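Visitor: Any chance you can model this:
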Amino acid sequence: MKRFFSVLCALLLCLPALSAASAEAADDLFTDKDLTLADPSEAVDIVLTEGGVDITEPGVYRLSGQIADGSIRVAPATEGDVWLLLDGVSVHNESGATLTSDGCDKLILTLAEGSVNSLSQGSATPSAEDNDAAIYVRDDLTINGTGALTIESAYLDGINCRDSLRIVSGEITVNAVDDGLVGKDEVTIGGGTIAIDAQTGDGIKATNDEDADRGFVTIADGSLTIITGEGSASVSQADSGGWGDWQQQAEEDTPSQKGVKAETILTILGGTLSIDSVDDALHAVDVAISGGEMTLATGDDGVHADNTLTVSGGTITVTRSYEGLEGADVTLSGGEIDVTASDDGINGAGGDSATTTDDGTFGDSGRFGRDRFASSTGTILISGGMISVNASGDGVDVNGDLEMTGGELYVNGPRSGGDGALDYDGSFTLTGGTVVAVGAAGMAQGVSDPAIPGTAMNVSGSGTLEVLDSAGNVLVHFEPLRDYSHVVVYCDRFTDGESYTLTLGGESQTVQMTTDSTGGMGFGGGRGGFGGGRGGTMPEGTPGDAPAERRDPGAMPEGAPDVPPEGAPDAPPEEAPDVPPEEAPDAPPEGASESETEGEAL
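Guide: Next up, the predicted model:
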C-alpha cells in the first residue's frame, strides 16, 4: 500500500510537466501559418447568400450567414494562402460538398471565438466529381480557433483532404455515413475537442500508402471521442457449443471500421482518446505510443501494428477486445497498460497478416479480427511499465522470443487447458522486473531462461496471491480475477536460493525461489506443488467475479464486457469434438488418485 501511494504521488507531481511537454510537442508539429488565427481586422466580410460564394483570391475572409442549398468554393487564381474566419456560418448542400478548395497553398479555417458553425452534406449523389465529403479539399487544410464546428455528411465522409489535414484547436463534431476525418498525406491533431461518429467507415485515417514519409497520423494533444458503426458491442462472439469451437461472427467483406488508421505510422504523444469501434481501435503499419490516456473498446484488436508496436508511456486501457495489443514485434518500455481480451492479451506474431484459408481471407484485406501471421518471427520485449492482462486465450503469446528486463507484468490467464497465461514458441529470457501469471495448467509455460529467482507450479488456487520474505514483508501482491491451476511468479527482489512464503487465498506454503528453468508446456521444471493441482480443472465462474474494490494490477476494469468461452483457440480444429481430446491435461487420467496429482510441479 505504501508503495502504491508513493507511485501515485510521483505521478501526480509529474502531471504538470507531462502536460507542458504534450503542449510543446503539439506546437512543434505545426508551422507558424497553422498556428496563426485569421485576424478580423484584416478580413473581407462576406455575408453568405443562396447559391453560395466563390473566393478567387488569396487573403483573409470573414464569413457569416446561411446557405440553404449551396456551397463555399475556394479557387484562387493566383498562388497563396486563404484564411476563412467562420463566424456563425450554416451551410447545407444536398448534392455535394459544402466547402471545396483547389489551388491554395494552404486553406486555414479559423473558428471565431464564441461562434457556432455547421456544414452539412445531403444524401444525393454529388453533382460535381469527387465532392463526396461535407468538406472536400485538394490543398493542405488546417483548422484552428476556439469556436464550434459541426460537420455532417449523409453521403460519405465528413472531411476528405487530399493533402495534409491538421487540427490545432476548436470544438469539432463530425457525423458521417462513411469516414469521419480523412487526410491523404497526414492527419495531425494537436488540440481541441473532437467527437466523431463514423457509421460505416473509419473514424480518422491517412490513406497514402505509396510514400514512406506520408500516410501517417499523429495525435499530440486534445480530447477525442470516436465511435465507428454500432460500436464494439455490435460484434457478436458466439459459442457453437463444441470444444473450443467459437468464432467472431462477421461478414467476410466487412468494411474497415477502425477508430484511427494510418497507412504508415501512427504516433500518439498525448491527449485523451476514447474509442468504441467495430474493428481495431488503433491500427497502422507501425504504432508508437509515448503519452496520452486511451480507453479502447473494440470488436477486434485494441492496438494493432503490422510491423512494430512500441509503448514507452501513457495509459492504455482496453476494456473489450478480441486481442488487446498485437504486432509483429512488440516493445513495452513504460506507461500503464490494462488489457481485457476474449482471445490473446498481448500477441507478438510475424509474417503476413492477410492469409487466405478455406474459411475465407483474414487480416487487413478480409474479415477483421483474425490476423494470422505466417512465420514465427514475432518478438515481445518488456523493459518497463505496469502491465495487466485479463485474457480468455493466451495472456502473453509470441511466435518467437519473449524477453523481459524490467517492469511489472501481471496476467490473469485462461481456465481451459488449450491456452496458457504465457505462450512462447522460442524462449523466455527474464533478467529483471516482476512477473506474475496465473491460469490453467494444461498448456502452461514458465520461464525458460531466468536470471532472476522465482518459481512455477501446479496449484489449486483462488484468491489473493502474495509472496512474503522471512521478515513478513510483502514483496509481491496480486488479486486474480478467478480460480487458477498454475502459477508463475518471479521477481528481481527475490534472492536466489532463499525460501519465501507463498500465500494463495488463505493457504500458505514455503517455497524456494531459484533461477532454475521452468519452461515447458504442461511438464518439467518447478519446485513443489501447492494445495493439490489438478491440471486445468476449474470451478465454475466468470472473469468478472472480482469484488469492485479490487483495483490493483489484477483487477478487471469496471464495466468490462462479457467475453466468449475462456481459452478458445484462434480457430476451431477441423471436425472439433464436443469434448476435449483425451490428451488434454485439464483433468487427471482415469484411475489416478488425488495423491498422484496433488503437488505436481512445473
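
Visitor: Could I get the contacting residues of residue 196?
Guide: Residue 196 makes contact with 158, 173, 174, 176, 180, 181, 203, 204, 224, 225, 226, 227, according to CB atoms under 8 Å, 6 or more residues apart in numbering. Every residue, glycine included, has its C-beta placed from N, CA and C.

Visitor: Pick out whichever of those residues sits closest to residue 104.
Guide: Looking at these and their distance to residue 104, the nearest is residue 181, at 18.9 Å (CB to CB).

Visitor: That closest one contacts residue 165, correct?
Guide: Yes: Residue 181 lies in contact with residue 165 (CB atoms under 8 Å); the separation is 6.4 Å.

Visitor: shared neighbours of these two, which are they?
Guide: Joint contacts of residue 181 and residue 165 (CB under 8 Å, 6+ apart) are 159, 187.

Visitor: The two: who's more crowded?
Guide: Remark: of residue 181 and residue 165, residue 181 carries more neighbours, 32 against 26, as counted by other CB atoms under 10 Å.

Visitor: what is the more buried one paired to in the beta sheet?
Guide: Following DSSP bridges, residue 181 is listed with bridge partners residue 159, residue 204.

Visitor: any idea how far it lies from residue 391?
Guide: As judged by CB to CB, to the nearest Å, residue 181 and residue 391 stand 32 Å apart.

Visitor: check contacts around residue 45.
Guide: Residue 45 neighbours (CB under 8 Å, 6+ apart): 61, 62, 64.

Visitor: Please spell out which residues along the one helix or strand it maps to are buried.
Guide: Assigned by DSSP states H and E, residue 45 belongs to strand 44-48. Neighbour counts over strand 44-48 (16 or more other CB atoms under 10 Å) mark 46, 48 as buried.

Visitor: Tell me the strands beside that strand, with direction?
Guide: As assigned by DSSP bridges, strand 44-48 forms pairs with strand 59-67 (parallel).

Visitor: Could you list the buried residues of the partner strand?
Guide: Buried, per 16+ other CB under 10 Å, within strand 59-67: 60, 61, 62, 63, 64, 67.

Visitor: would CSV of those residues with pLDDT and distance to residue 218 be doable?
Guide: Below are the buried residues of strand 59-67 laid out as CSV (pLDDT from 0 to 100; distance: CB to CB, whole Å):
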residue, pLDDT, distance to residue 218
60, 98, 27
61, 98, 29
62, 98, 30
63, 98, 29
64, 98, 33
67, 97, 34
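
Visitor: Could you dump those into JSON lines and include distance to residue 330?
Guide: Output for the buried residues of strand 59-67, formatted as JSON lines (distance: CB to CB, whole Å):
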{"residue": "60", "distance to residue 330": "48"}
{"residue": "61", "distance to residue 330": "49"}
{"residue": "62", "distance to residue 330": "50"}
{"residue": "63", "distance to residue 330": "48"}
{"residue": "64", "distance to residue 330": "51"}
{"residue": "67", "distance to residue 330": "50"}
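
Visitor: any weak-confidence spans in this structure?
Guide: 1-27, 236-253, 350-376, 520-602 (pLDDT under 70).

Visitor: Show me which of the contacts of residue 196 are buried.
Guide: For the contacts of residue 196, buried by 16+ other CB under 10 Å: 158, 173, 174, 176, 180, 181, 203, 204, 224, 225, 226, 227.

Visitor: and the nearest residue to the fourth one once chain neighbours are set aside, what is it in contact with?
Guide: The shortest distance from residue 176 to any residue other than its chain neighbours is 4.0 Å, reached at residue 158 (CB to CB, 6 or more residues apart in numbering). Under the criterion of CB under 8 Å, 6+ apart, the contact list for residue 158 reads 133-135, 151-152, 174-176, 179-181, 196, 198.

Visitor: at 7 Å what do you get?
Guide: Listed by CB atoms under 7 Å, 6 or more residues apart in numbering, the contact partners of residue 158 are 133, 134, 151, 174, 176, 180, 181.

Visitor: before we move on, what about residue 406?
Guide: Going by CB under 7 Å, 6+ apart, the list of residues near residue 406 reads 383, 384, 432, 433.

Visitor: Can you say which two of those are spatially most distant?
Guide: 384 and 432 (9.5 Å).

Visitor: Neighbour count for those two, which is higher?
Guide: residue 384 (19 against 16).

Visitor: The more buried one and residue 408 touch, don't they?
Guide: No: using CB atoms under 7 Å, residue 384 makes no contact with residue 408, being 8.9 Å away.

Visitor: From residue 343, how far out is residue 299?
Guide: For residue 299, the distance to residue 343 - CB to CB - is 12 Å.

Visitor: Now do the shared contacts for the two.
Guide: Contacts common to residue 299 and residue 343, judged by CB under 7 Å, 6+ apart, are residue 322.

Visitor: sorry, back to before: in strands only, show me the contacts of residue 158.
Guide: Judged by DSSP state E, the subset of the contacts of residue 158 located in strands is 133, 134, 151, 174, 176, 181.

Visitor: Show me the beta-bridge partners of the third one.
Guide: Beta-bridge partners recorded for residue 151 (DSSP bridges): residue 119, residue 174.

Visitor: Report the contact partners of the spatially closest residue to residue 512 that is not a sequence neighbour.
Guide: Distances taken as CB to CB, 6+ apart put residue 499 closest to residue 512, at 5.0 Å, once the chain neighbours are dropped. Neighbouring residues of residue 499 by CB under 7 Å, 6+ apart: 510, 511, 512.

Visitor: how about the strands in the stretch 251-400 of the chain?
Guide: For the stretch 251-400 of the chain, the strands defined by DSSP state E, counting those that start in this stretch cover 260-268, 272-277, 282-289, 293-298, 301-311, 315-320, 323-341, 346-348, 355-357, 360-362, 379-391, 396-398.

Visitor: For the ones you listed, give me a markdown table that also has distance to residue 119.
Guide: Listed next are these as a markdown table, based on distance: least, CB to CB, whole Å:
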| stretch | distance to residue 119 |
| --- | --- |
| strand 260-268 | 22 |
| strand 272-277 | 24 |
| strand 282-289 | 28 |
| strand 293-298 | 29 |
| strand 301-311 | 32 |
| strand 315-320 | 33 |
| strand 323-341 | 37 |
| strand 346-348 | 41 |
| strand 355-357 | 42 |
| strand 360-362 | 38 |
| strand 379-391 | 42 |
| strand 396-398 | 46 |
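
Visitor: Can you say which of those strands is nearest to residue 214?
Guide: strand 260-268 (6.9 Å).

Visitor: Pull out the buried positions in stretch 487-495.
Guide: 487, 488, 489, 490, 491, 492, 494.

Visitor: Identify the residues contacting stretch 69-83?
Guide: 33, 38, 50-61, 91-94, 96-108, 110.

Visitor: In strands, which of the residues you listed fall?
Guide: Short answer: the contacts of stretch 69-83 in strands (DSSP E) are 52-55, 59-61, 91-93, 99-101, 106-108, 110.

Visitor: how distant is the strand holding residue 45 from the center of its chain?
Guide: 45 Å (CA atoms, centre = their mean, to the nearest Å).

Visitor: before we move on, what about stretch 507-515?
Guide: 36 Å.

Visitor: cool, stretch 176-188 as well?
Guide: Centroid separation between stretch 176-188 and its chain, computed with CA atoms, centre = their mean, is 19 Å.

Visitor: what do you get for stretch 187-196?
Guide: That offset, for stretch 187-196, works out to 18 Å (CA atoms, centre = their mean).

Visitor: Then stretch 211-224?
Guide: 16 Å.

Visitor: what's the answer for stretch 262-278, then?
Guide: 8 Å.

Visitor: Would you mind measuring the gap between the ends of that stretch?
Guide: Across stretch 262-278, the terminal residues are separated by 17 Å (CA to CA, to the nearest Å).

Visitor: same question, stretch 121-137
Guide: 14 Å.

Visitor: Repeat that for stretch 393-413.
Guide: OK, stretch 393-413 end separation, CA to CA: 7 Å.
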